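Trainee: dropping the sequence and predicted coords here.
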Amino acid sequence: MTHPNRPIHRGSLEKREAKLAYVMLIPTFLIVLSIVLGPLLANFWISAKPVQLGDLRSARVMVNEALRPRPKVAGEEVMLRYRVRNSSQGDEITVAGLTDTLPVGLIIGDVPDPCALSGRTISCDFGTLEPKQRLDVLIPITVEQAYFDNGIRPRDDKAVTTGSSQNVLTSLEFTFDNFRKVFSGPEFWTVLKVSLYYTIFGTLGALVLGLFAAQLLNTAFKGRNILRGLLLFPYVAPVIAVAFAWVLLLDAGPGGTFNAMLIQMGATEEPINFLGQRAIPYSVFGIQFEFPMALTTVIVFEAWRYFPLSFLFILARMQSVNSEMYEAAEIDGATPFQQFWSISLPQLVGILSVLFLLRFIWTFNKFDDIFLLTGGAAGTRTLTVDVYEQAFAVSNLGAGAAVAVVVFLVLLVFSLIFFKFSPQDDG
Amino acid sequence: MRMSWVTVFGALTGSIWGAVWMIVVGILLMLVSGITTHPPVGIAMGIGAVVGICAFAIVNRFADRISMALLSVLTLFALMAITLFQPFGVSMANGPVYQVAALLIWAGLMGLSMHMGLVGYTGEMVSRYRFEVLIIRLLKGLGFVLFTIVVALPFYVMVMTSLKSQQSLLGNPLDFSIDLGQGTASLFRSYVELFTDYNFGIFLMNSTIVSVLTVFITLAFAIPGAYAVARLRFKGQALLSRSILLIYMVPAIVLVIPLYAVFSQAGLRNSLTGLLVVYPATTIPVALYMLQGYFRGLPSELEEAGLMDGLSRIGVILKITLPLALPALASVSLYVFMIAWNEFLFAFMFLDDLNMFTLSRGVVSLNSSEVPRQHLMAGAVVATVPVLVLFLWFERYLVAGLTAGSVKG
């Protein structure tokens, strides 16, 4: 507690303040460290590992115990069977073993080899289990009346298994195969190019639409607030909802509303497969070009979904521009376009470049939109979608992580370039 | 009247509006009535061009309303005459009420937009300034129409599809007419089935739990952190306040693989707890950034007075700072709620158990050929409505939150 009347040494006050600050920041620091920075580093680690999705379930000794045949009367001789199996497809288990205590009422006969009996407890030591290896242990048992009386069955007390396996994730074995695979694939450079197209045009599209929308709403008119609310819908609504609405709207099969509209209007004869067609060939002056249909559609979606954000920022900035500048320009006879070009735009350069920077990075990071619209098919596979495809569709976690490393490095390069050239004022 | 660029522009304005309104009204007519129309866009453009030139003789001579009415009547008669009384390419006997209404709307909109676009001009050449005003009028008008349609159309399709049946959708994808006579139970069939057969009640609850708890956890972490960054002096303060947002440059997809690996082995993967660890971690930095900006703006004299009067720091935060920062807390809460509610990637990667699905994950599971589309769209509506209602209710706060400092995309 700080007491105002007592003079306190300045240094100690500062120290206490700093200490309090650190205490207040530690929770945030810890959670960010463990969920963001930790995984970021772990991703580098995984990218240098030959790890498949299946390897996440580490090799374990599975055991299934049963009395065969099922005893019916006292005095019957049956077999107790332990079915032991290595759960892994690829990893061996060393020092595999099991211990199990049998219920009262079962007289245990000769215990076969890797196992030993002490009291009512059976313990076995299998040594090394090969991948996928199975083995059965059979122990003769004589059933007594007490077994039926007490109602306790061997399975009620589960056999405890032990064993250690190499976990590929924690081993010190490293490889560059993932990166080699990623870079040597013919797809990679296409994917990188598609990522850049998507990012650049998606960002510019959102900014230009946002600028236009901000111009529209920078004048007072009836229903302005309603329109502003409406224009924010694409950004506020969940991505799954709007993405699927677009998918159905643009469907090329029967039932696709947008194609039906185009056909009704006579704009096209055949339905256009907006999200499924890689390229539409066309020629200008005899030169053949290909129009990347699906990629353009996802770029348009990106611009549609994120223009509200740029629009809000730009509008906020515009409303803070001093109106005297426009009045002075009017007196000097500047035309509306000249005013926009010479007064508004220079005032907006700061916010536009900050928006460009942020949107550029976030668009590059974007996964959901393309994944939901096309799943990365038809020439729309970006780096982020590629991470998912490699790691979870092809089940090669290591390769996925390697692509993720590329994503992060590209991003780092962009960030460094941007921060070097971005204006210092806004932000 | 001499030909001038203004006259040419009048024709251009007229033809553009003719095309735009013909397309818009023609499609609306199809969507609302289910009539298959063939809107004569070319003819509408021609009429627009001619009326656009004639408009200069009308717009300044009469009062606004009369001028609009005259232009409307002119376009209406022209369209009827040229299309031989089939203004939308089909016989007027086919849904006459709808067609007459659409025709009146088309003509009315033509009159309105041409009058608003050209009033004050006589068709004679004007200064560059005045000519640009003319261009801007056209651009703004088009902007209003196009933005409204482009934003609203997917939502309209979403809602209407959810109320239709698969057969009628495939039969005529432009027919979004709703048979109101069928009773509400039949109309909202898809929604009822979602909640009875597809566990959407559970999904809705899971989403609510996750989003609300994420808000509370985020605030619990971000408030002290933001206060420390804004008010307390310590080494690294400046660096920290600048670098918080860098966390946001880290793509979620890079975090997914390691988190997936760790959560799989820790048994956190199929649980809401897992999401409740990840979501706050991604929202805390931005919440901290937004809040510290707001805390800085509060007068520190109030807090100093509180300290003088013997309050502890914690007391100052609880009794002085937080009550003053309520609007900012509302903004941040709404924004965090929106992020958690809409989040897709982690929910998709981590949740396999139906009982743990959030709405985002649940709607994705409807995207299969076995589930009819109206169910998918009904699911999308269920996921969208709560967040849109919240947004419209607290728009002011959310807009403030979105623009406060910087925002995640």
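Mentor: Alright, I've got the coordinates.
Trainee: domain-wise, how is chain B divided?
Mentor: When chain B is parsed with automatic domain parsing, its domains come out as B:5-181, B:191-403.
Trainee: packing partners of the helix or strand containing A:I107?
Mentor: Per DSSP states H and E: A:I107 is located in strand A:106-108. Packing contacts for strand A:106-108, counted by 3 or more C-beta pairs under 8 Å, 6 or more residues apart in numbering or on different chains; DSSP states H and E, involve strand A:134-143. Every residue, glycine included, has its C-beta placed from N, CA and C.
Trainee: just to revisit the earlier point, JSON lines for the domains of chain B, including mean neighbour count?
Mentor: Listed next are those as JSON lines, based on neighbours: other C-beta atoms under 10 Å in any protein chain shown:
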{"stretch": "domain B:5-181", "mean neighbour count": "19"}
{"stretch": "domain B:191-403", "mean neighbour count": "20"}
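Trainee: now those domains as a markdown table including distance to A:D386 and mean pLDDT?
Mentor: Converted to a markdown table, the domains of chain B look like this (distance: least, C-beta to C-beta, whole Å; pLDDT from 0 to 100):
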| stretch | distance to A:D386 | mean pLDDT |
| --- | --- | --- |
| domain B:5-181 | 27 | 88 |
| domain B:191-403 | 9 | 88 |
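Trainee: I'd like these as CSV, with distance to chain A appended.
Mentor: Formatted as CSV, the domains of chain B follow (distance: least, C-beta to the nearest C-beta, whole Å):
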stretch, distance to chain A
domain B:5-181, 4
domain B:191-403, 3
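Trainee: so can I have JSON lines of those showing distance to A:L345?
Mentor: Shown next, in JSON lines, are the domains of chain B (distance: least, C-beta to C-beta, whole Å):
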{"stretch": "domain B:5-181", "distance to A:L345": "15"}
{"stretch": "domain B:191-403", "distance to A:L345": "20"}
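Trainee: tell me the helix or strand right after the strand holding A:I107.
Mentor: Per DSSP H and E, the first helix or strand lying C-terminal to strand A:106-108 is strand A:115-118.
Trainee: which other residues reach that following strand?
Mentor: Surrounding strand A:115-118, the residues in contact under the criterion C-beta atoms under 8 Å, 6 or more residues apart in numbering or on different chains are A:108, A:111, A:122-125, A:137, A:139.
Trainee: just the buried ones from those, in PyMOL syntax?
Mentor: With 16 or more other C-beta atoms under 10 Å in any protein chain shown as the burial test, the buried ones among the contacts of strand A:115-118 are selected in PyMOL as follows:
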select buried, chain A and resi 108+111+122+123+124+137+139
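Trainee: which strand or helix spans B:T148?
Mentor: helix B:128-162.
Trainee: can you name the element that comes right after that helix?
Mentor: Next along the chain after helix B:128-162, taking DSSP H and E as the criterion, comes helix B:166-171.
Trainee: can you pull the contacts of the closest residue to chain B within the stretch 51-200 of chain A?
Mentor: The minimum distance from the stretch 51-200 of chain A to chain B, using C-beta to the nearest C-beta, falls at A:L56 (4.7 Å). For A:L56, the contacting residues are A:169, A:397, B:260-261, B:264-265, by C-beta under 8 Å, 6+ apart.
Trainee: same question for B:V381.
Mentor: A:241, B:158-159, B:162, B:191.
Trainee: find me the pLDDT at A:Y306, would you?
Mentor: Per-residue confidence (pLDDT) for A:Y306: 93.
Trainee: and A:S164, its phi and psi?
Mentor: When read as degrees, to the nearest 10, the backbone of A:S164 gives phi -130, psi 140.
Trainee: from A:F174, how far off is it?
Mentor: As for A:S164, its distance to A:F174 is 21 Å (criterion: C-beta to C-beta, to the nearest Å).
Trainee: give me the angle between whichever helix or strand B:E193 is part of and helix B:128-162.
Mentor: Per DSSP H and E: B:E193 is located in helix B:189-197. Relative orientation of helix B:189-197 versus helix B:128-162 (axes from the mean of the first three to the mean of the last three C-alpha atoms, to 10 degrees): 50 degrees.
Trainee: which element follows helix B:189-197 toward the C-terminus?
Mentor: helix B:200-231.
Trainee: packing partners of that following helix?
Mentor: Applying 3+ C-beta pairs under 8 Å, 6+ apart, one finds that helix B:200-231 contacts helix A:10-32, helix B:237-243, helix B:272-297, helix B:326-342, helix B:359-365, helix B:373-393.
Trainee: give me the angle between the last one and helix B:128-162.
Mentor: Looking back up the chat, that one is helix B:373-393. For helix B:373-393 against helix B:128-162, the angle by the same axes, to 10 degrees is 130 degrees.
Trainee: using CSV, list the CA coordinates for helix B:373-393.
Mentor: Provided in CSV are the C-alpha atoms of helix B:373-393 (Å, rounded to 0.1, in the frame of the first residue of the first chain):
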residue,chain,number,x,y,z
ARG,B,373,-29.1,-28.0,-48.9
GLN,B,374,-31.9,-26.3,-47.1
HIS,B,375,-30.5,-27.9,-43.9
LEU,B,376,-27.0,-26.6,-44.7
MET,B,377,-28.5,-23.1,-45.2
ALA,B,378,-30.7,-23.4,-42.1
GLY,B,379,-27.5,-24.3,-40.2
ALA,B,380,-25.8,-21.3,-41.6
VAL,B,381,-28.7,-19.1,-40.5
VAL,B,382,-28.6,-20.5,-37.0
ALA,B,383,-24.9,-19.8,-36.8
THR,B,384,-25.3,-16.3,-38.2
VAL,B,385,-28.4,-14.9,-36.5
PRO,B,386,-27.0,-14.7,-32.9
VAL,B,387,-23.9,-12.8,-33.9
LEU,B,388,-25.8,-10.5,-36.3
VAL,B,389,-28.4,-9.8,-33.7
LEU,B,390,-25.7,-9.0,-31.1
PHE,B,391,-24.0,-6.9,-33.7
LEU,B,392,-27.1,-4.9,-34.7
TRP,B,393,-28.0,-4.4,-31.0
